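>>> one predicted model, sequence on top.
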Amino acid sequence: MGRHLTISTDDGTAEAYLAGDDGRPGVLFFVDAIGLRPQTEAMADRIAGWGCTVLVPHVFYRDGSAAELAPHGDLREPGEREAFFASGVMDRVGALTPELSEPDTRAWVRTLQEHAADGPIGTTGYCMGARLAVRAAGSHPGLVAAVGGFHGGGLVTDGPDSPHLAVAGSTASYVFGHADQDGSMPPEAIETLGRALAAADRPHVNEVFAGAVHGYSMADTSMYDEVAAERHFTVLRRLLTDALGLA
């Protein structure tokens, strides 16, 4: 359904996947820590089927191509996901600082706008991608009208660059579907995020998906939860329909 393209950034060239016809409302899709792969492309295809133009950038391009960084084993099999994450995945996640990711996001937005309809765009992010989606809204007020964040981690930190602080400068509506008992997003962090959304007077949903573990939306891993994944698609579609005027 989609096609692959390359995007010039300040630090090189990044691969990306573009789903849907040009000229439709744009959605910027931020991948999880596992990266750009057939699973995230299939999810983008589904979102594009709602009437969107969806861009999925390979955010880890500095570390290698999407194929080079992709898992070699089946992450649905016992121990395979754990082994993959032990191979240095979190090192590249940690290295993707705001100083690097924010110029990248400008390149992603510019490319999406070359293909999408004029007007507001939405973002959706998974795992660490939820942080990037929130930051995109903060750095592009007036453009990013919708943010979906699902099983996001580290959305609230003690640092001055905590992702949740970006909400205050945004003009987006938000939907968060947190994983249940997620050490990377504990109850107190969810509460802090909710207070930031309320203080900024941003329309929002900030919910825990009961029983759903971190990574629940990813059908190519052992963390997949079909009920939670389908719930995520339902709430994301509602968000994008309201914010972007989908048919």
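Everything's here; your move. Residues are numbered from 1 along each chain as shown.
>>> hmm, residue 171 is touching residue 144, no?
Yes - contact criterion C-beta atoms under 8 Å: residue 171 and residue 144 qualify, at 7.5 Å. C-beta coordinates here come from the backbone N, C-alpha and C atoms, glycine included.
>>> of these two, who's got more company?
residue 144 (27 against 15; other C-beta atoms under 10 Å).
>>> can you pull the contacts of that one?
Contact analysis of residue 144 by C-beta atoms under 8 Å, 6 or more residues apart in numbering lists 120, 121, 122, 123, 136, 137, 170, 171, 172.
>>> do you know the pLDDT at the residue most central in space within the chain?
Centroid-nearest residue in the chain: residue 125, 1.3 Å away (criterion: C-alpha atoms, centre = their mean). If you check residue 125, the pLDDT there is 98.
>>> may I see the contacts of residue 144 arranged in TSV, with distance to residue 207 and secondary structure as well?
Shown next, in TSV, are these (distance: C-beta to C-beta, whole Å; DSSP: H, G, I helix; E, B strand; the rest coil):
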residue	distance to residue 207	secondary structure
120	24	coil
121	23	strand
122	18	strand
123	18	strand
136	21	helix
137	18	helix
170	19	coil
171	22	coil
172	17	coil
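>>> out of these, which are buried?
120, 121, 122, 123, 136, 137, 170, 172 (16 or more other C-beta atoms under 10 Å).
>>> among those, find me the one that's closest to residue 34.
Comparing those against residue 34 with C-beta to C-beta places residue 123 closest, at 18.6 Å.
>>> before we move on, back to that, let's have the buried ones among the contacts of residue 144 in TSV, adding distance to residue 178.
Listed next are the buried ones among the contacts of residue 144 as TSV, based on distance: C-beta to C-beta, whole Å:
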residue	distance to residue 178
120	25
121	23
122	19
123	17
136	19
137	18
170	19
172	18
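>>> please, which helix or strand holds residue 208?
strand 204-209 (DSSP states H and E).
>>> circling back to that earlier point, what sits closest to the residue nearest to the centre of the chain if chain neighbours are left out?
The shortest distance from residue 125 to any non-neighbouring residue, by C-beta to C-beta, 6 or more residues apart in numbering, is to residue 133 (3.2 Å).
>>> is it true that that neighbour touches residue 140?
No - taking contacts as C-beta under 8 Å, residue 133 lies outside contact range of residue 140: 11.0 Å.
>>> with neighbour numbers in mind, choose between those two.
Each of residue 133 and residue 140 has its neighbours counted (other C-beta under 10 Å); residue 133 has more, 29 against 21.
>>> give me the three-state assignment for the more buried one.
Secondary structure assignment for residue 133 (DSSP: H, G, I helix; E, B strand; the rest coil): helix.
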